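1. Based on what follows, work out the 3D shape:
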Amino acid sequence: MTDLILIGLYALAAGTVVGVGGAVALRLLRKRSIFLHVALLLTITVGSVTAGVAAVAQAMFLSAHDLQVVLLTVAASATVSLTVGVTFGRRLAAASVWAAQARQRERQLEADRRDLVAWVSHDLRTPLAGLRAMAEALEDNVVGDRRTVADYHRRIRVEADRMAHLVDDLFELSRITAGALRIARSTVPLRDVVSDAIATTAPLAARRGIRILARETGWPIVTGGQPELSRVVANLLVNSVRYTPPDGTVMVDAGAEHGEVWLAVSDTCGGIPEIDLPKVFDVAFRGERARTPWPHDDGPGGAASGGGLGLAIVRGLVEAHGGHVGVRNTHDGCRFEVRIPTVGSAALRYG
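-> Alright, predicted model coming up:
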């Protein structure tokens, strides 16, 4: 009985030494990765058992051969245990990190959803109130002269177009966030996409006195969805026109390099505050006073019609093509740049 007590004490002492050392190591490394913590815990556990067996084997006065056999057996078992434990520990750590990221993304999406609802509620409340007031004025014959009535009709049409534009943006954004967007890829000449987008934005730019410039030749041909790419370019152009002061310039350029097709829209808006640059593609983000739309424009897509969704849609559509979009400040404005990976040789041709 005494021998058993001594064996237990030897094993307990050896395991305690390893455990205390491991606890100190865990405390020193408490800010490191989860995988390191899991690996260290496994090492402490296996090390405690190994130390206990080794201490007991030494105390039993085994022969040199028997002692080597015991230690070799324990070392082999410890190696297998650590290998298996570290392998599954890596998976456990990766799963834990993924779960934490998923929870963070879920919280962010919920926050974005609340912000989006708040923004949309605000954007719809004002035009709806105006529509109701003008409709009641027309219904009650409060206004009678032909010019005022015509102006009310024009304003009703403008506000209806504005809300239709907002609803269209919401529908497109919902398809992107729900993963329901399906791109029908084809060979798309960027020259035609940019030309159509400029033609659509030209009336707004003309009213604002803003020049939209584009290169004459050297436009790449990319493989992608033409409606989606058209929307990307149009949203970027409208965004730049909205934030560029009168008599400013918006420049569209494109090219192909390093296995990617790039398209850039540069403006003379004066730049975006550095703190806002990482947030310009977030849902419902419309900037601070340093980058606010210029005076309201009556046309659809004008300064008053932005719902803070245009750039979020751009990011979603570009990422659906496997690409990425970014923005940086220039000396007199900012430059939005879209990059889409080439698919085959079609994207390397120019038109």
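2. now the helices for the stretch 251-351 of the chain?
-> 310-320 (DSSP state H, counting those that start in this stretch).
3. In it, where is pLDDT below threshold?
-> 284, 286-308, 343-351 (pLDDT under 70).
4. those strands in it, which residues are they?
-> 260-267, 324-329, 334-341 (DSSP state E, counting those that start in this stretch).
5. what are the ranges of the helices in this protein?
-> In the chain, helices defined by DSSP state H lie at 2-28, 34-59, 64-139, 146-177, 190-208, 226-243, 310-320, listed in chain order.
6. Give the other helices and strands that the longest one contacts.
-> Taking 3 or more CB pairs under 8 Å, 6 or more residues apart in numbering; DSSP states H and E as contact, the helices and strands that helix 64-139 lies on are helix 34-59, helix 146-177. For the C-beta atoms, the positions are set from N, CA and C on the backbone; glycine is no exception.
7. If you count contacts, what does the shortest one end up packed against?
-> Spelled out, it's helix 34-59. helix 2-28, helix 64-139.
8. rank these by pLDDT, which is bottom?
-> For the helices and strands packed on helix 34-59, mean pLDDT drops lowest on helix 2-28, to a mean of 72.
9. among the helices and strands packed on helix 34-59, which is nearest residue 341?
-> Proximity to residue 341 (CB to CB) singles out helix 64-139 among the helices and strands packed on helix 34-59, at 24.1 Å.
10. roughly how far is that closest one from the heart of the chain?
-> Its chain's C-alpha centre and that of helix 64-139 lie 14 Å apart, by CA atoms, centre = their mean, to the nearest Å.
11. now do stretch 153-162
-> Distance, centroid of stretch 153-162 to centroid of chain: 34 Å (CA atoms, centre = their mean).
12. And that stretch, what's buried?
-> For stretch 153-162, a neighbour-count test (16 or more other CB atoms under 10 Å) marks 156, 158-159, 161-162 as buried.
13. Highest mean neighbour count out of the helices of the chain?
-> helix 226-243 (a mean of 23; mean count of other CB atoms under 10 Å).
14. just the angle between that helix and helix 310-320, please?
-> 150 degrees (axes from the mean of the first three to the mean of the last three CA atoms, to 10 degrees).
15. got the angle for helix 226-243 vs strand 260-267?
-> For helix 226-243 against strand 260-267, the angle by the same axes, to 10 degrees is 30 degrees.
16. For helix 226-243, name the packing helices and strands.
-> strand 186-189, helix 190-208, strand 249-257, strand 260-267, helix 310-320, strand 334-341.
17. Quickly run through the sheet partners of the first one, with directions.
-> By that I understand strand 186-189. strand 221-224 (antiparallel) (DSSP bridges).
18. What average pLDDT does the partner strand get?
-> pLDDT averaged over strand 221-224 gives 89.
19. Contact partners for residue 264?
-> By CB atoms under 8 Å, 6 or more residues apart in numbering, the contact list for residue 264 reads 251-254, 335-338.
20. Of those, which is the nearest to residue 22?
-> Nearest to residue 22, judged by CB to CB, of the contacts of residue 264 is residue 337 at 50.5 Å.
21. That closest one against residue 330, yeah?
-> No. Checked against CB atoms under 8 Å, the pair residue 337 and residue 330 is beyond contact range at 11.1 Å.
22. more crowded one of those two?
-> residue 337 (17 against 12; other CB atoms under 10 Å).
23. circling back: is it possible to get CSV of the helices and strands packed on helix 64-139 that adds mean pLDDT?
-> Rendered in CSV, the data for the helices and strands packed on helix 64-139 read as follows (pLDDT from 0 to 100):
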stretch, mean pLDDT
helix 34-59, 72
helix 146-177, 83
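24. Could you export the ones you listed as TSV, including distance to residue 240?
-> Formatted as TSV, these follow (distance: least, CB to CB, whole Å):
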stretch	distance to residue 240
helix 34-59	44
helix 146-177	17
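25. I'm done for today, thanks for sticking with me.
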